[in-house]
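# I need the structure of the sequence given here:
(2 chains)
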Amino acid sequence: MNIIVCVKQVPATTNVQIDPKTGRIIREGVEAIINPFDEYALEEGIRLKEKFGGKVTAISMGPAQVETALRECIARGADETILLSDTNFAGADTLATAYTLACAIKKLAPYDLIVCGKQAIDGDTAQVGPGVAEKLGIPHVCYVRKIREIKDGSIWVERLMEDGYDILFTSLPALITVVKEINVPRLPSLRGMTKAKKAKINIWNAETISAEKNRIGLTSSPTTVKKVFTPPTRSGGETVAGPPEEQAKILVTKLKELKIL
Amino acid sequence: MDYFLSEGQKMIVELCKKIAEEKIKPVRQHYDEIEEFPWPIVEEMAKCDLFRIYIPEEYGGLGGGILDLCLAMEELSKVDGAIALCLAATALGTFPILLFGSEEQKRKYLPDIAAGKRLAAFALTEPQAGSDATAIKTIARKENTTYRLNGTKCFITNAGEAEIYTVIASTSPERGVRGLCVFIVEKGTPGFSFGKKEKKLGIHASSTRELIFQDCFIPKENLLGKEGQGFIIALKTLYVSRPGVAAQAVGIAQGALDEALNYARQRIQFGQAIIHFQAIQHLLADLATQVEAARALVYSTARMIDADPEKKVTKESAMSKLFASEVAMKVTTEAVQIFGGYGYMREYPVEKMMRDAKITQIYEGTNQIQRNEIALALIKESASK
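Residues are numbered from 1 along each chain as shown, chains lettered A, B, ... in the order given. Sure, this is the predicted structure:
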């Protein structure tokens, strides 16, 4: 299997500081780590490689210091790494990021599976994974908690939902984003760490991946951050009880009150 | 203190710290209480290549030396000396093969040990032969192409869990220590079984059991070195393994010191953190100095061995084990004192460290035996001047 894992380097804190002027994350002076959800993605990629053979390529977009995150991917078992680094990529929102990653991944074709973490702990958007799949024109499944089977060019997965899980089936190549329930990531090995120290990190720029200038970086990012806040948690809702006919009546009345019907 | 470690050695420290903090710390109390062998952790250690550290590259190892092994032992022992012990005990069981094994024996056993697929153990002690190795009663009778092994070994670390045992037995008891031999005995060999699992003061997560040999036939290919070389093999093994135990002691001591220091900064009595009392400050200062001195001695000994494996290190090896284990006992006892009543409680980590520290003064030669070795070396040195 040819597996691609997308990783992001994030500040090593859950208390992310936001620049009030730009609404962007302040990265200066904060220790950087691999986004924890991406560690699950990498682990899943490596487990698939161990099971089916093939290789794992870790890919990330960011400044030169993201190299340390990619080296850690090698220490944990990734075979190759690609760093998308170009001043023209800077300041990208999720749309421009997804486009940039997709351009690079196209160059890595043919691939079987792209694995991403469900979201990054800094921006928390959960948009880039699905965005990449859309740009590539391949199916995707988010919040995968288990890969049940990969056989005959298709994949069976369990998607974590608020009230249980769905079992989904899709053809390959596909993209999945994974939740922490999927595995327990391994620590690096000494041999891996030695390999990581010597490894060559491939650095690709806009030209390498044939990205269109007007679709990358800050100037091609339509999203602006207005305000950053934690959304209120969903309240419990209301349970309608009684015989089915009565329940239906109450429900219809309520929906009419809410002008939904 | 800067010990000018190599990049590779720093990597070992960094990784072992991660393993200790992320994998061992959350379960150390659990294993101490249930007194079971921590296989899930051992598997993690194996995946991280820790069992490869001191084994040559041609046998699947990383080709590191005694210092590399000591660094791993120290770092793991800061969090849990008992769980760390499976690594040092495997090394102890492996050294006879590394030092005296034939090419064939090395090829057969070392790659699995390096991969952490099979653990090893060293079997010297017997009920009547502790410090006095000359009293060994386990007999190996040569019969055609085999040796028939009979006898009992006791207090064997990793026993029951390990699959490869280096066992000291006598082919000719009338020859005393000159009759001793070392055999590689695999778990599952007919006639080889395990006796009772010991209940111990400390190192609960480590397995300590008897090995029982009843007409256990060992192929002659499993003899290490030559007949009669057993005592030399055992001694040389202990010379290179003792720094590992010493490093375990340094780790336990450092772990207890760190806990005591943190606690002293937080514990408020008489309206202030107890670290502000000079009684506590001077105590911590003394403990920290002793831990650093022990570390310096252990690293120097390990470096000496790595620089020239042929060099005689009896004295230095004994000194590092003696000094580091005495420091570990002292520091852990004082750490419990600094914690006061809380320190005596199992909910806090230092009482376990104190229980675990005690064994380092006893095994791989009691500290009294270490003093004998040191004194003997002093006498020899003086006499040869």
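# interface residues of chain B facing chain A?
B:7-8, B:11-12, B:15, B:18-19, B:22-23, B:44, B:47-50, B:52-53, B:62 (Cβ under 8 Å from any Cβ of the partner chain). Every C-beta, even on glycine, is put in place using the N, C-alpha and C of the backbone.
# same thing but at 10 Å, please
B:7-8, B:11-12, B:14-16, B:18-19, B:22-23, B:44-50, B:52-53, B:62, B:64, B:68, B:72 (Cβ under 10 Å from any Cβ of the partner chain).
# From these, list the buried ones, please.
The neighbour-count test (16 or more other Cβ atoms under 10 Å in any protein chain shown) marks B:8, B:11-12, B:15-16, B:19, B:23, B:44-50, B:52-53, B:62, B:64, B:68, B:72 as buried among these.
# Out of these, which sit inside helices?
B:8, B:11-12, B:15-16, B:44-47, B:68, B:72 (DSSP state H).
# What ranges does the stretch 1-150 of chain A have for its strands?
A:2-6, A:9-11, A:32-34, A:55-61, A:80-84, A:113-117, A:140-151 (DSSP state E, counting those that start in this stretch).
# Determine which of those approaches chain B most closely.
strand A:32-34 (12.4 Å; Cβ to the nearest Cβ).
# what about the closest one, distance to the chain center?
Here strand A:32-34 is found 15 Å from its chain centre; the criterion is Cα atoms, centre = their mean, to the nearest Å.
# Check stretch B:222-240 too.
18 Å.
# buried ones in it?
B:222-225, B:227-234, B:236-240.
# Now do the contacts for whichever residue of chain B sits closest to chain A.
Per Cβ to the nearest Cβ, B:D49 is where chain B lies closest to chain A, at 3.9 Å. If a contact means Cβ atoms under 10 Å, 6 or more residues apart in numbering or on different chains, then B:D49 has A:188-194, B:12, B:15, B:60-62, B:114-116 as its contacts.
# Could you do B:P26 as well?
Applying Cβ under 10 Å, 6+ apart, we find B:P26 in contact with B:V79.
# Skip the chain neighbours and tell me the closest residue to the closest residue to chain B within the stretch 1-150 of chain A.
With distances taken as Cβ to the nearest Cβ, the stretch 1-150 of chain A approaches chain B most closely at A:A75, which sits 8.9 Å away. Excluding the flanking residues, the one nearest A:A75 by Cβ to Cβ, 6 or more residues apart in numbering or on different chains is A:P188, at 3.5 Å.
# I figured the one you found hits A:A196, correct?
Yes: using Cβ atoms under 10 Å, A:P188 and A:A196 qualify as a contacting pair, with a distance of 7.4 Å.
# rewinding a little: mind picking the two most distant members of the ones in helices among the buried ones among the residues of chain B next to chain A?
B:G8 and B:E44 (20.3 Å; Cβ to Cβ).
# okay, and for the stretch 51-200 of chain A, where does confidence drop off?
Applying pLDDT under 70 to the stretch 51-200 of chain A flags no residue at all.
# Flag every residue of it that's near chain B.
A:75, A:184, A:186-194, A:196-197.
# Need the residues that contact stretch A:60-69.
A:5-10, A:27, A:32-35, A:38, A:58, A:70, A:73, A:81-87, A:89-90, A:92, A:96-97, A:100-101, A:104, A:128, A:196, A:199, A:201, A:203-204, A:216.
# let's go with 7 Å and repeat that
The contact list for stretch A:60-69, computed with Cβ atoms under 7 Å, 6 or more residues apart in numbering or on different chains, reads A:7-9, A:32, A:34, A:70, A:83-85, A:89, A:97, A:100-101, A:201.
# Output those residues in TSV; the columns should cover neighbour count.
Below are the contacts of stretch A:60-69 laid out as TSV (neighbours: other Cβ atoms under 10 Å in any protein chain shown):
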residue	neighbour count
A:V7	28
A:K8	23
A:Q9	25
A:A32	17
A:I34	25
A:L70	26
A:L83	24
A:L84	25
A:S85	20
A:F89	22
A:T97	25
A:T100	27
A:L101	27
A:I201	20
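# Next, format the residues you listed as TSV and append distance to B:Y109.
Shown next, in TSV, are those (distance: Cβ to Cβ, whole Å):
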residue	distance to B:Y109
A:V7	39
A:K8	44
A:Q9	43
A:A32	43
A:I34	37
A:L70	37
A:L83	43
A:L84	47
A:S85	47
A:F89	53
A:T97	52
A:T100	52
A:L101	48
A:I201	38
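# Might you report the residue contacts of residue 189?
As the question left the chain open, I've gone with chain A. B:47-49.
# you looked at the wrong chain, it should be chain B
Per Cβ under 7 Å, 6+ apart, neighbours of B:T189: B:C216.
# Which element, helix or strand, includes it?
For B:T189, there is no enclosing helix or strand under DSSP states H and E.
# Next one: it, what pLDDT does it get?
Looking at B:T189, its pLDDT stands at 97.
# isn't A:T223 right next to A:A92, touching?
No: under the criterion of Cβ atoms under 7 Å, A:T223 is not in contact with A:A92, lying 9.7 Å apart.
# Neighbour count: the two, which is higher?
A:A92 (25 against 13; other Cβ atoms under 10 Å in any protein chain shown).
# ok, that one - contacts?
A:100, A:216-218, A:221.
# biggest separation within these, which pair?
Going by Cβ to Cβ, the pair spanning the contacts of A:A92 furthest: A:T100 and A:L218, at 12.1 Å.
# Once you drop chain neighbours, what's closest to A:W156?
In space, A:W156 is closest to A:R148, 4.0 Å off (Cβ to Cβ, 6+ apart).
# what's near enough to touch the one you found?
Residues near A:R148 by Cβ under 7 Å, 6+ apart: A:156-158.
# do B:E186 as well
Per Cβ under 7 Å, 6+ apart, neighbours of B:E186: B:163-164.
# Kindly report the same for B:R118.
B:112, B:163-164.
# From A:D163, how far out is A:E238?
16 Å (Cβ to Cβ, to the nearest Å).
# Those two: who's more crowded?
Counted by other Cβ under 10 Å, A:E238 and A:D163 do not tie: A:E238 has more neighbours, with 7 against 4.
# now the lengthiest helix in chain A, how far from the chain's geometric center?
Counting by DSSP H, the longest helix found in chain A is helix A:36-52. Taking the mean of its C-alpha atoms, helix A:36-52 sits 13 Å from the chain's own mean (Cα atoms, centre = their mean).
# And for the residue of the stretch 1-150 of chain A closest to chain B, the neighbour number?
So A:A75, with other Cβ under 10 Å, has 22 neighbours.
# Please name the nearest non-neighbouring residue to A:L84.
A:M61 (4.0 Å).
# meant to ask about A:R47
Closest to A:R47 by Cβ to Cβ, 6+ apart is A:N183, at 6.7 Å.
# What's the local residue count around the one you found?
A:N183: 18 neighbours (other Cβ under 10 Å).
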